[in-house]
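Generate coordinates for the sequence data below:
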Amino acid sequence: QYTQKSKSLHGSIKFVQCCSVMLYPPPHPIMAEETSSHATQEQEATVLFNKGVKLDHLHRYEEALAVYNKLITDFGDSHYTMAKALLNEGNDLEILHRIGQARADWEELIYRFKDNSYVIDQDAVAKAQHNLAITKKKTFLERLSSYF
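Numbering: from 1, shown residues only. Predicted structure coming up:
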């Protein structure tokens with residue numbers, strides 16, 4: 001959150017909390033460089049993730065897979081969109097009828113993020129568990145129907 005400095009009616013300085021993003025007082029110059037570098041990484045990862053989502057919307061799944069792979073390879077667990085990238089990658093693989101690879105992505109997502117306390121990660125874990133259950137049921141029904 002960011003704090004804004006303003007004067008009260010009596011002339012004393014007070015701090016009012018506003019929206020997020022900025023800090024008061026400004027960070028130390030050395031810390032500012034680290035923060036800037038981290039922010040640049042965050043922005044780059046977010047841009048990659050959004051590109052993958054846009055490619056999904058355009059039904060260009062192979063290209064989206066390449067973008068998600070790059071995001072996962074370059075940023076590992078360090079970015080907040082990682083769980084969603086694994087989820088989307090699995091979804092794209094399922095659309096392309098590569099069920100085994102899709103399941104592997106969802107299982108990896110569950111393994112890596114099941115104990116994470118972030119809501120966005122827990123949401124992705126729940127969706128991955130759901131997708132796994134659905135694909136297992138579909139596979140079971142397909143095998144069962146082959147007997148009749």
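
what comes up buried for stretch 97-111?
98, 102-103, 105-106, 109-110 (16 or more other CB atoms under 10 Å). From N, CA and C alone the C-beta is placed, and that goes for glycine too.

In this protein, where is pLDDT below threshold?
1-39, 77-79 (pLDDT under 70).

Let me see the ranges of the helices in the chain.
29-57, 61-75, 82-95, 99-113, 119-145 (DSSP state H).

Just say which of those is most tucked in.
Mean neighbour counts were compared across these using mean count of other CB atoms under 10 Å; the top stretch is helix 82-95, at a mean of 23.

That one vs helix 119-145, what angle?
Note on geometry: by axes from the mean of the first three to the mean of the last three CA atoms, to 10 degrees, helix 82-95 and helix 119-145 are set 20 degrees apart in direction.

contacting residues around helix 82-95?
Outside helix 82-95, the residues within contact range by CB atoms under 8 Å, 6 or more residues apart in numbering are 49, 52-53, 56, 61, 64-65, 68-69, 71-72, 75-76, 99, 101-103, 105-106, 108-109, 112-113, 116, 120-121, 124-125, 127-128, 131, 135.

Repeat the analysis, applying 7 Å as the threshold.
Residues outside helix 82-95 that contact it (CB atoms under 7 Å, 6 or more residues apart in numbering): 49, 52-53, 56, 61, 64-65, 68, 71-72, 75, 101-102, 105-106, 108-109, 113, 120-121, 124-125, 127-128, 131, 135.

Likewise for stretch 131-140?
Outside stretch 131-140, the residues within contact range by CB under 7 Å, 6+ apart are 90, 94, 99, 102-103, 106-107.

Export it to CSV, keeping only CA atoms.
Extracted in CSV, the C-alpha atoms of stretch 131-140 (Å, rounded to 0.1, in the frame of the first residue of the first chain):
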residue,chain,number,x,y,z
ASN,A,131,-9.6,-31.5,-14.8
LEU,A,132,-7.7,-34.7,-13.7
ALA,A,133,-10.9,-36.2,-12.3
ILE,A,134,-12.8,-35.4,-15.5
THR,A,135,-10.2,-36.8,-17.8
LYS,A,136,-9.8,-40.0,-15.7
LYS,A,137,-13.6,-40.5,-15.9
LYS,A,138,-13.6,-39.9,-19.7
THR,A,139,-10.8,-42.4,-20.1
PHE,A,140,-12.6,-45.0,-17.9
